[in-house]
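Novice: got a predicted structure here, sequence first:
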Amino acid sequence: MALSDYEYEMQNCSRCSHCKFIPWPVMQSHRFSQGCPAIARYNFHSYSASGKIEIALALYQGRLKGWTEEMLNAVFRCQMCGACQVACRPNNFLLVDIDEILLELRKKAIEDGQILPEHSILIQAMKSEDNPFGKPKQERGKWAEGLDLKDLNKEQAEVMFHTGCRYSYQEEQWEVVRGAIQLLKQADIDVGIYGNTEACCGGRAYEIGFKAEFQNFAEDMLSRIKSSGAKILVTPCADCYGTFKQIYSLTENKVEGVEILHITEFLERLINQGRLKFQKRLDMKVTYHDPCHLGRKGEVVEPWRGEWKLTGPHIYEPVPEKPWKIGINGCYDPPRNVLKSISGIELIEMERIREYSWCCGAGGGVMEAYPDFAHWSALERIEEAKSTGAEALVTACGWCEANFKSALKEKGEKFPIYDVVELALKAI
């Protein structure tokens with residue numbers, strides 16, 4: 001695909017600005033009414049989805065002859081969180097696949113040699129060490145030392161536990177993955193890992209615009225899933241989950257014959273089956289943050305290979321009908337249900353939740369290239385969490401948790417941040 005494949009969609013954008021906000025029927029206050037972190041932070045139209053679509057259309061039509069620093073900032077100061085996509089659909093009868101246009105715009109920047117230095121370092125690290133941190137591949141399985149897990153390189157298991165890059169290498173977050181394994185063992189689950197040979201899902205490469213490199217990661221990952229013999233793949237990483245569920249499907253790398261579950265979905269299943277029971281009471285008021293890749297970017301969307309046809313005066317429509325990302329089919333209830341199953345926990349919702357959740361700020365290469373913007377987005381979400389009266393913010397994504405904690409540390413503030421797994425472990 002290329003920008004030329006989205007000509008009609010780019011022209012269909014009416015510049016209505018709905019992409020900048022959450023839909024008005026779900027707005028509860030002016031303070032937390034915005035949906036797009038980029039336009040909220042930089043307050044200039046080119047930072048909105050509509051503005052970036054105008055940049056893409058101008059490049060395609062030749063009205064823009066090259067790249068400037070301002071253009072690159074507008075294109076890459078974006079978490080690719082998908083909030084604009086779900087806000088566009090219910091408010092606008094026109095058909096615009098914002099996500100795909102922005103991805104093609106990034107791809108064009110990469111093809112034109114406009115690679116941010118931080119992204120160049122990231123992709124080289126992924127290619128050489130199979131992780132975005134550039135840490136030695138032979139240390140990927142270090143987190144699992146002493147857990148006595150099946151080695152999927154030597155034997156098969158019913159459940160393949162895919163750790164993900166962040167949880168594999170960030171030692172301060174090992175409590176989550178080791179805790180997840182402890183919970184699975186408590187339920188007597190036959191689980192295995194690839195350890196040092198675990199593959200990177202490639203999602204970060206895809207969202208930045210390195211589509212060719214992404215395909216190599218996807219093919220490697222799919223071969224490992226197949227050889228594992230597993231019936232279920234469980235991952236604690238929301239980014240990996242979104243990659244397996246949505247990106248692999250859209251790029252015709254769909255995982256076949258294996259059920260993809262986030263750890264919270266699997267825990268919910270085990271609780272409902274009576275195989276996992278919480279014995280301890282946790283008296284806490286918490287609020288839950290929906291990770292973008294677990295929520296609106298965690299729904300399966302089939303690839304479309306149709307064409308746009310003239311159906312009326314200046315009206316083009318996709319034939320056959322195009323599947324659209326509307327965000328409602330992501331993983332929203334399982335994390336909440338796990339929390340609600342723990343005695344003593346009171347869940348208080350924020351204003352922007354589920355498919356309209358505010359992004360933590362870490363995605364799309366922003367954490368690497370624009371850490372100040374990533375932290376600003378995180379602090380905005382933490383302020384929303386505090387406004388509920390909750391004592392802690394809970395999420396189900398290692399990237400979200402890390403960015404929240406990093407932003408708080410930089411500002412010199414404290415507010416408890418937990419993963420769902422951490423609280424579940426405390427209640428066992």
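Specialist: Looks like it arrived, so ask away.
Novice: now do the SS call for R269.
Specialist: Recorded secondary structure, R269: helix (DSSP: H, G, I helix; E, B strand; the rest coil).
Novice: the closest residue in space to it that isn't next to it in sequence: helix or strand, and which one exactly?
Specialist: Once flanking residues are discounted, R269 sits nearest to L261: 7.7 Å by CB to CB, 6 or more residues apart in numbering. C-beta here means a position set from N, CA and C on the backbone, and glycine is covered the same way. Assigned by DSSP states H and E, L261 belongs to strand 259-262.
Novice: what are the buried residues along that strand?
Specialist: Buried residues in strand 259-262, counted by 16 or more other CB atoms under 10 Å: I260, L261, H262.
Novice: picking that back up, report the contact partners of the residue nearest to R269.
Specialist: Shown in contact with L261 (CB atoms under 8 Å, 6 or more residues apart in numbering): I232, L233, V234, T235, R269.
Novice: apply 10 Å and report the result again.
Specialist: Going by CB atoms under 10 Å, 6 or more residues apart in numbering, L261 touches 159, 232-235, 241, 244-245, 267-269, 331, 334.
Novice: quick one: distance of stretch 311-326 to the chain centre.
Specialist: On the basis of CA atoms, centre = their mean, to the nearest Å, stretch 311-326 sits 27 Å off its chain's mean C-alpha point.
Novice: same question for stretch 357-371.
Specialist: With CA atoms, centre = their mean, you get 10 Å for stretch 357-371.
Novice: which strands or helices does the helix or strand bottoming out on mean pLDDT in the chain pack on?
Specialist: Across the helices and strands of the chain, mean confidence by mean pLDDT, DSSP states H and E is lowest for strand 315-319: a mean of 83. In terms of contacts (3 or more CB pairs under 10 Å, 6 or more residues apart in numbering; DSSP states H and E), strand 315-319 is packed against helix 7-12, strand 307-312.
Novice: can you tell me which of these is most buried?
Specialist: Ranked by mean neighbour count, the helices and strands packed on strand 315-319 are led by helix 7-12 with a mean of 19 (mean count of other CB atoms under 10 Å).
Novice: next SSE downstream of that helix?
Specialist: helix 37-42.
Novice: mean confidence for that following helix?
Specialist: The average pLDDT for helix 37-42 rounds to 98.
Novice: for whatever helix or strand comes next after that helix, buried residues please.
Specialist: Where DSSP H and E defines the elements, the next helix or strand beyond helix 37-42 is helix 49-61. Buried positions in helix 49-61, judged by neighbour count with 16+ other CB under 10 Å: A49, S50, G51, K52, I53, E54, I55, A56, L57, L59, Y60.
Novice: check stretch 420-427 too.
Specialist: So, applying 16+ other CB under 10 Å, buried residues of stretch 420-427: V420, V421, E422, L423, A424, L425, A427.
Novice: now do stretch 137-156
Specialist: Here stretch 137-156 shows K137, R140, G141, W143, A144, L149, K150, L152 as buried, counting by 16+ other CB under 10 Å.
Novice: in strands, which of these fall?
Specialist: If you go by DSSP state E, the buried residues of stretch 137-156 have K150 in strands.
Novice: distance to I121 and pLDDT added to the buried residues of stretch 137-156, as JSON lines?
Specialist: Shown next, in JSON lines, are those (distance: CB to CB, whole Å; pLDDT from 0 to 100):
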{"residue": "K137", "distance to I121": "17", "pLDDT": "96"}
{"residue": "R140", "distance to I121": "19", "pLDDT": "98"}
{"residue": "G141", "distance to I121": "24", "pLDDT": "98"}
{"residue": "W143", "distance to I121": "23", "pLDDT": "98"}
{"residue": "A144", "distance to I121": "27", "pLDDT": "98"}
{"residue": "L149", "distance to I121": "32", "pLDDT": "96"}
{"residue": "K150", "distance to I121": "35", "pLDDT": "97"}
{"residue": "L152", "distance to I121": "30", "pLDDT": "97"}
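Novice: pick out the most distant pair among the buried residues of stretch 137-156.
Specialist: Using CB to CB, the buried residues of stretch 137-156 reach their maximum pairwise distance at K137 and K150, which is 20.2 Å.
Novice: may I have stretch 378-386 as PDB, with CA atoms only?
Specialist: Backbone C-alpha positions of stretch 378-386 (Å, rounded to 0.1, in the frame of the first residue of the first chain) are rendered in PDB as follows:
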ATOM      1  CA  ALA A 378       1.400  10.600  31.100                       C
ATOM      2  CA  LEU A 379       1.000  13.400  33.600                       C
ATOM      3  CA  GLU A 380      -2.300  14.500  32.000                       C
ATOM      4  CA  ARG A 381      -3.600  11.000  32.500                       C
ATOM      5  CA  ILE A 382      -2.400  10.900  36.100                       C
ATOM      6  CA  GLU A 383      -4.200  14.200  36.800                       C
ATOM      7  CA  GLU A 384      -7.400  12.600  35.500                       C
ATOM      8  CA  ALA A 385      -6.800   9.600  37.700                       C
ATOM      9  CA  LYS A 386      -6.300  11.800  40.800                       C
END
